[in-house]
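# Pasting the sequence and the predicted model now:
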Amino acid sequence: MDVLKLLTRSTKYSKANSHQTSASKTPSSGQTNNPQLFASHAPKCDESEPPRKKRKAENGDGDLPQELNFFAEPLQAAAKGDGDGRNRQGGAGKSKKETKFSTDKIQETTDGVGTDKPVLGEEECKKILRTHKIKITVLENLQADLVTKKREKHSKKKKRSNAEEAPVKKKTEIYPQPLQDFEHLRTRYGVHGRIVRNIRQQAYTIPTEVQLGSLPLLLSSSTDLEDSVWETPNLLAVAPTGSGKTLAFLIPVVDSIAKLKASSNDETLADGDDVTPRAIVVAPTKELASQIVNEGRKLSQGTKVKFALMRKGMEVVERTEPATTSDDRTSDDDSDSSVVEPNETTGPAKTRKRGQLVKADILVSTPLALVNALTDTTGTTLPLRGARYLILDEADVLLDPLFREQTLSIWKSCTSPSLRVSLWSATMGSNVESLVVSTITSQRKAVELSMKQTSMGSSRPRRAPIVRLVIGLKDTAVPNITHKLVYCATEPGKLLAVRQLLRPTSSTDSALRPPFLIFTQTIPRALALHAELQYDIPPEAGGSARIAVLHSSLSETIRANTLARFRKGEVWVLVTTDLLARGVDFKGLNGVVNYDAPASAATYVHRVGRTGRAGRDGGIAVTLWAKEDVPHMKSITNVIAAAEKLRGKEGVPSEDLVGDIKSQQWLFDSLPTPSKNEKKSLKKRGVEARRPGAKLAKGVGKISTKVEARKRKKSQSKGAGGDDVDSDEFSS
Ligand SMILES: Nc1ncnc2c1ncn2[C@@H]1O[C@H](COP(=O)(O)OP(=O)(O)OP(=O)(O)O)[C@@H](O)[C@H]1O
C-alpha cells in the first residue's frame, strides 16, 4: 500500500507496509539504465574504422597546432600497431621512453594494455563530444607560450613557417578522445587493474559525460610525458549535479598514487614523493567530505592507496614547535586505521608532534579543518610539500567569499612544482574562472622564482595548461527534474502548502512522495518547521520519527546518524538547510521542497540536483514562494527555462514542466528583475525577514500557526513524545 494513501485515508497500519515507500515505484527510485544525460542521440562509433590522417598543423577552427595537441589522433606508433595504448593519447613527438614504473611490479596495471582498437579520428571525437554536449576549451594564453618555445627550438634549424607565425587564440576548443568504455581505462591509459575492477564491481557500466570528457584529459599524461611540452592540465570542470564528478576526479589521482606506491622500491621517487598526503580534496561540508572518502575507499580497494577524513586533532604536517598537552587537544572519535598515533616518547619535547599525524595518501577535508591543522602558533601556514594534486569539489562555493580565504590559503600551501589543481562543480561563475586562472598563474610564478633561488637552479617546472570542461548548459538544473512553483502569498500559506504535499487530497495535488528533502533559509527556521510538521504523520505510520531535522549546529554523530536513517528509509522527510544542498548523494530521493526560496540560481541548481541523479528518472522540485520571495523568482524561472530547453531537445516528455511555467508565464513576466546589488545581498543574506532576529510584520516570515501550536501543546501534554520545545523559540 502506498504511504501517502495511508496518510490520507488513515488506513490501519500494518507492519508489512512499513517499507512500501522504498519498494513502490517512485520517480527517482530504481536502477539507472543510462547514467548519461545526453546520450539518446549519441552516434555509434565504429571503432574498427582505421585511424584518420593526421590533421593539419592548424585548421583555422581555432584548434591547436598538431605538434602541441596532446589530445591528438593516434600517434604514428599506434597506427603502426606498436600496441602501447598509453602513448596514443600523448601528443605528437612524445617519446616512447619507458615509464618510471617498473612493469613487473605493476603487472596488474599493464595487463591488457595495447589490446585496444585504434582510437578515433578528430571528426568522430568532435561528433561524440558534441552529442554529449561536452565542450573542452584551453583557457589562458598558454598556447602562445608553447608556440614561442617551439619557435625557439626550431629557429636554429630552419626558418619559421607561416603557420608558426600565425597568432594563437586565447581560448581554443579541443577534441580529446572520449572515454566510451571503462575498459579503455586499462587498455588505453594503463589504469591500475584493481581500479577498473572496483569500478565494475560497483556496477558502473558506461562512463557518464563528465567521466567521458575529463578522464582522457587527466589520464593522458599520467605515465610518460618526459619529452612532451604538454602536461596533465589543471582542470575546471562544470557538469550537472549527480553526473559522477566524484569518480571523475578520484580515478586519475588514485591511479597515479597506486602506481607511485608500486614503484616505491625502484628508488625513482622524486623529492616529495614519499611525503604524505599526496593529494588533498577539499569539500565545503563534513557530509560531502565523508561521502568522498567512502567513494574513494571503494575505488581504491586493493591498491594500497589510503584515504583519510580530516578531523579535529589530526596533524597533517610534522611541527617542531612545542607540543600542546593532551588536555588542550580537541577530542577525536576517528577510528580510522590510516591515522597513526604519534610516538610521543621519541625525541626531545621540541620535536614532539602535537596530535595524530595523518599517514594517508589522500586527505579529504573541509577548508577550515585543514587550515587550522596547517597553521602554527605564529599564524604561519605550513607547506604541504608532498601534495601533487589539489581537488576542489564544489569549487565555486569554496572560492566564494565565505570560504575563499581558507581555500586560497590551502592552495598556496601546496608548494610542489608539479602541483595539479582540478576544480569541480555544477555551477561556476566567470569570476571564479578568472580567479582560478590568476591563482594558477601567480602560483606558477612563485614556484619558478623559488626554484631559481634554490639549488633547483635552471630547471623550470613544466607548464600545465588550464583546461575548462563544460557539460550541457552551464549553471543549469539537470533536464530530468519536474519543477513546480507554488505561490503561497504568506508564511501560513506556505505551511498549508507543505502540509498538502505531505497529505495530498487529490491525485492531481502532487506526485511528490517520500523520501524528500525540505530546505529552509536558516537553522531556526528548519527547527521551527520540523517542530510544526513532526506530528503530521500518524503514529501508526511511524509518527514523528519519520520526520527529522539536520543542520550544522548538531553534533557530528547526530548528523551522521540522521543522514544514515534517511538513506535507510527510516526517515521519510528531512528538513534541512543549505548544508545538504551541495554534493550529497541520495540515490532514491523523490523530490526536493524549497520551503524557502534559495538565495541564488546556483543554490537552486544544487538543491534540486539532490534528486534525479546519475540519469535516474527525475524527482519533483517544488518551490513555495511568498511575497518576500519575489526578488528570487526571475533567476529561478530562468534556470527552469534553461533546463526545459535541454529537456525538450532531448525529447523527454515535458508537458508537466512546460505547463507549470507556461501557465504562470504572465506572472513571472510581470515580476521585477532584481538589480545586481539586490542579487548580491540576497545571495549573502537571503530574505531579510527570515533572518534570525528580524523585526516582522504580521504574518511575515514566521513559521507558526496558533492552531498548530495549540495542537502541539496538547499532544505534548498527552505525552506523545518528540522534542521538548517551545514554538516561540523556533520562530524566526
Ligand atoms: N558511470 C556511472 N554509472 C552509473 N552511476 C554512476 C556512474 N558514475 C557515478 N555514478 C553514480 O552517480 C551518482 C552521483 O555521483 P556524484 O555524487 O559523483 O555526482 P556529482 O556530479 O558529484 O554531483 P553533485 O554536483 O551533486 O556533487 C552516485 O550515486 C554515483 O554512484
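Ah, there it is. All figures in this text were calculated on a predicted structure; none of them were measured in a lab.

# For the biggest helix by length in the chain, name the packing helices and strands.
Criterion DSSP state H: the longest helix present in the chain is helix 430-453. Counting contacts by 3 or more C-beta pairs under 8 Å, 6 or more residues apart in numbering; DSSP states H and E, helix 430-453 packs against strand 234-238, helix 395-398, helix 401-413, strand 420-425, strand 466-471. C-beta: built from backbone N, CA, C; applies to glycine.

# Try it again at 10 Å.
strand 134-139, strand 234-238, helix 395-398, helix 401-413, strand 420-425, strand 466-471 (3 or more C-beta pairs under 10 Å, 6 or more residues apart in numbering; DSSP states H and E).

# Pull the contacting residues for the residue in the stretch 601-732 of the chain positioned nearest to the ligand.
Across the stretch 601-732 of the chain, the shortest distance to the ligand (C-beta to the nearest ligand atom) belongs to residue 614, at 3.2 Å. Residues in contact with residue 614 (C-beta atoms under 10 Å, 6 or more residues apart in numbering) are 31-32, 34-37, 204, 208, 242-244, 478, 585, 587.

# Please apply the same query to residue 37.
Applying C-beta under 10 Å, 6+ apart, we find residue 37 in contact with 132-133, 208-210, 239-240, 242-243, 471-472, 478-480, 612, 614-615, 646-647, 650, 652.

# How about residue 415?
Residues near residue 415 by C-beta under 10 Å, 6+ apart: 272, 383-387, 443, 446-447, 450.

# Using JSON lines, lay out those residues together with distance to the ligand, pLDDT and neighbour count.
Putting the contacts of residue 415 into JSON lines (distance: C-beta to the nearest ligand atom, whole Å; pLDDT from 0 to 100; neighbours: other C-beta atoms under 10 Å) gives the following:
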{"residue": "272", "distance to the ligand": "29", "pLDDT": "55", "neighbour count": "16"}
{"residue": "383", "distance to the ligand": "29", "pLDDT": "91", "neighbour count": "15"}
{"residue": "384", "distance to the ligand": "24", "pLDDT": "92", "neighbour count": "29"}
{"residue": "385", "distance to the ligand": "29", "pLDDT": "88", "neighbour count": "14"}
{"residue": "386", "distance to the ligand": "26", "pLDDT": "90", "neighbour count": "20"}
{"residue": "387", "distance to the ligand": "21", "pLDDT": "93", "neighbour count": "25"}
{"residue": "443", "distance to the ligand": "25", "pLDDT": "85", "neighbour count": "18"}
{"residue": "446", "distance to the ligand": "31", "pLDDT": "81", "neighbour count": "12"}
{"residue": "447", "distance to the ligand": "30", "pLDDT": "78", "neighbour count": "18"}
{"residue": "450", "distance to the ligand": "34", "pLDDT": "76", "neighbour count": "12"}
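
# what about the residue of the stretch 351-500 of the chain found nearest the ligand, neighbour count?
Nearest residue of the stretch 351-500 of the chain to the ligand: residue 426, at 4.3 Å (C-beta to the nearest ligand atom). Residues lying near residue 426 (other C-beta atoms under 10 Å) number 28.

# wait, it sits on residue 610?
No. Applying C-beta atoms under 10 Å as the test, residue 426 and residue 610 come out as separate, 11.3 Å apart.

# Quick check, residue 280 in contact with residue 392.
Yes. Residue 280 lies in contact with residue 392 (C-beta under 10 Å); the separation is 9.2 Å.

# got any residues that touch both of the two?
Common neighbours of residue 280 and residue 392, counting by C-beta under 10 Å, 6+ apart, are 410-411, 421.

# which stretches of the stretch 501-650 of the chain have low pLDDT?
Along the stretch 501-650 of the chain, segments meeting pLDDT under 70 span 504-510, 618, 648-650.

# Could you tell me which residues of it lie near the ligand?
Residues of the stretch 501-650 of the chain found near the ligand (C-beta under 6 Å from any ligand atom) are 583, 585, 587, 609, 613-614.
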